[in-house]
Structures are given as structure tokens and as C-alpha cells.
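Undergrad: would you be able to build a 3D model of this:
(one chain, ligands or ions: 1)
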Amino acid sequence: AGSGNGGATGGGYPDKNITFVVPFSAGGPTDTVTRMIAEPMAAKLGAKIVVQNVEGAGGTVGAGEVARAQPDGYTVLMHHIGMSTAPALYKDLGYKPLEDFGTVGLVTEVPMTVVARKDFAPATLQDLVAHVKANAGKVTLANAGIGAASHLCGLLFQSAAGVKLQEVPYEGTGPALTDLVGGQVDFMCDQTTNTSGQISAGEVKAYAVTTPERVKSLPDVPTTAEAGLPKLQVSVWHGLYVPAGTPQEVVQKLSEALKAALADRAVVDQMAKLGTTPVPAEDATPQAHRDKLQEQLGTWAKVIADAGVKAS
Ligand code: MLT
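TA: Next up is the predicted model:
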């Protein structure tokens, strides 16, 4: 039997509920991916997984809370590309990704879509670029706060189109999409795991997907390259983290459970419906995830600096 906290070495781990922190609102893409894998991971681990949404500041509030949590394997963070962009965007972040977190494994890499409220005038991505150039101060761009994937994609759009837009931050792109469908905001760049349903239902206008190839589940949506904005390419990779110092044995058990979830038929099918696929098993490992994080921290620091965006 466990010693109550999974033991110093993690031998009896897990022997109580595990909290998965989602640093954005419920109903958004990060929440969706987390809830997809939580059930099969819980089955493999033999413990209940409770998903907790800890919103704010583009995901950095939730990430900070996990960085400071007990390193016992009972607090796990689901985060995405924002883990690698935040250090270049926040002067006082309160955590260092490579030092304050242990990596468990990569989960999935999700295409983004440039979507607008359905009665927004521009018909194509080129029309959108022309429209924002002519009306820059008046066009509103939704995102989930500085450091969110939607913020990064918006930054890349503005840099590629040579415009500056009025950004409207939300606690997640779940609520942002609700406002987009309601016509309260003009457009957004968000992940297919959130926008696919509304695109297929005709509730939002889809200009492009931000991947080199079209997304199988959205066959009629052109790529940004086909639509004339080839520089706008970004995919949102996701990974699971634990506080630094979590016992290796515990990390290994979490990584094995993650691999099992990513091989689960229901997860594969649900991800396919939402425009994405699980990473291959060799990437759902602590080292592969750490290598990806290391490379992405360098990549985005340069892109963000080149875009003239300073940490604030
Ligand atoms: C979300 O889960 O709400 C999104 O990932 C937020 C974002 O990063 O844009």
C-alpha cells in the first residue's frame, strides 16, 4: 500500500486523486485535449484524475501554480506552445520552464484556423488583410491573453500582414469563440480542437488553416500558403508537466499512462474529428518533451524579438 503521498520514491504512486491543471477556461482547446486523455490515463494509473481550470494571463497563472506545487505527482499541468513563448513576453514570469518543471511527454500538435464572425465582410484571407490594413484601429482580434497560442498566432498574423490590431483578451478561447459566434468580436486565430464544430456548423467564417497541408476534417478550408499568407504558419504542441523534483518513477508512470491514452481508439478518433492526431509513442516521453521545449524556447524568443515585441 502507498504511504499516503506515493512515497518519496513514488513506489505506491498513485494512491489518491491526481489534479490535472488546465491554465485556460473550461471548454477551450486545452481543456478539450486534457479531458480527452484524462479518462484513459486514470484507468491506466488506477486513480481518479480531477481536471481543474486555473485561468489568467495567457496560461501563466496556472503554470505558476503548478511550478510551486508539491513535486509528488498529484499535480500535473497540461500546457502548450505558450510554455515556450511566455519567457519572451513576461518580464516577471515567476517561473523558469526548464528549471521549475519536469516534462512528462508531448501529447498532440494542433493546427490553428483563422476564423471570423460569420457576417464579417472580408470573404477571403487576402480580403481580410486588405480590410485590416484599411481599418486597423477598428478591427478586433480575440485571444486568450498574452502568452496564449491565439495571442502568438495573432502576433504572427499582424507581423505577416504588417498591421496592428485591437486585441480583446479572454481567459481562454472557449469563451472567445462564444463571443465570435455572437458577433461581439471580429476574428481570431484558434485551434481546430475548438473551432472545428463551429466551422462545420457555419457559425463562423474560416479563412485558412495555419499548417502546410490542409486539415483532413476541414477539407474546404485552404492553407494560409494557398490563401496568400505563407508566413502565417504555426501549430500548437501540447505537453504534460510536473513540478521539478517529482520522483523519476512517478514521471515514468505518468508517461506510460499518457502513451496508453494516446493509443486509445476513442482518443485517436476524437482527435481526428477535431483536426489533430496523438504524437507517436516515442514523443510521449520526458526527454522528447524536454528537447522540444528547449528548441521552442529558442525559436520563439527570436521570432518574438524579430516582430519587435518586448516583454512587459
Ligand atoms: C485555450 O485552451 O483556451 C487556448 O489554448 C488558449 C490559447 O492558448 O489561445
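Undergrad: surely Val250 touches Gly11?
TA: No. Val250 lies out of contact with Gly11 (CB atoms under 8 Å); the separation is 9.4 Å. C-beta: built from backbone N, CA, C; applies to glycine.
Undergrad: who's more crowded, those two?
TA: Val250 (24 against 13; other CB atoms under 10 Å).
Undergrad: doesn't the more buried one fall inside a helix?
TA: Yes. Assessed with DSSP: H, G, I helix; E, B strand; the rest coil, Val250 lies in a helix.
Undergrad: ok, it to Tyr74 distance?
TA: As for Val250, its distance to Tyr74 is 9 Å (criterion: CB to CB, to the nearest Å).
Undergrad: now swap in Gly137 and tell me
TA: Using CB to CB, one gets 48 Å for the distance from Gly137 to Tyr74.
Undergrad: ok, these two, which is more surrounded?
TA: Set Gly137 next to Tyr74 and count neighbours by other CB under 10 Å: Tyr74 wins out with 21 against 9.
Undergrad: now that one. Nearest residue, chain neighbours left out?
TA: Nearest-residue entry for Tyr74: Ile18, 5.4 Å, with adjacent residues in sequence omitted and distances by CB to CB, 6 or more residues apart in numbering.
Undergrad: for that neighbour, phi and psi?
TA: Main-chain torsions, Ile18, degrees, to the nearest 10: phi -110, psi 130.
Undergrad: how about Thr140?
TA: Torsion angles, degrees, to the nearest 10, at Thr140: phi -100, psi 140.
Undergrad: go on, Leu77?
TA: Backbone torsions for Leu77, taken as degrees, to the nearest 10, come to phi -110, psi 130.
Undergrad: same question for the one 3 residues further on.
TA: With angles defined as degrees, to the nearest 10, His80 sits at phi -130, psi -150.
Undergrad: which residues does the closest residue to it other than its chain neighbours bridge with?
TA: Spatial nearest neighbour of His80, chain neighbours left out: His238 (4.5 Å); criterion: CB to CB, 6+ apart. When bridges are called by DSSP bridges, His238 pairs up with His80, Thr108.
Undergrad: residues contacting His238?
TA: Taking CB atoms under 8 Å, 6 or more residues apart in numbering, we find His238 in contact with Thr30, Val33, Met78, His79, His80, Leu106, Val107, Thr108, Glu109, Val110.
Undergrad: just give the closest residue to the third one, not the sequence neighbours.
TA: Same thing as Met78. Nearest one to Met78, counting by CB to CB, 6+ apart, is Thr34 at 4.4 Å.
Undergrad: what strand or helix carries the one you found?
TA: Using DSSP states H and E, the element containing Thr34 is helix 29-45.
Undergrad: tell me how far that helix lies from the chain's centre.
TA: Distance, stretch centre to chain centre, for helix 29-45: 14 Å (CA atoms, centre = their mean, to the nearest Å).
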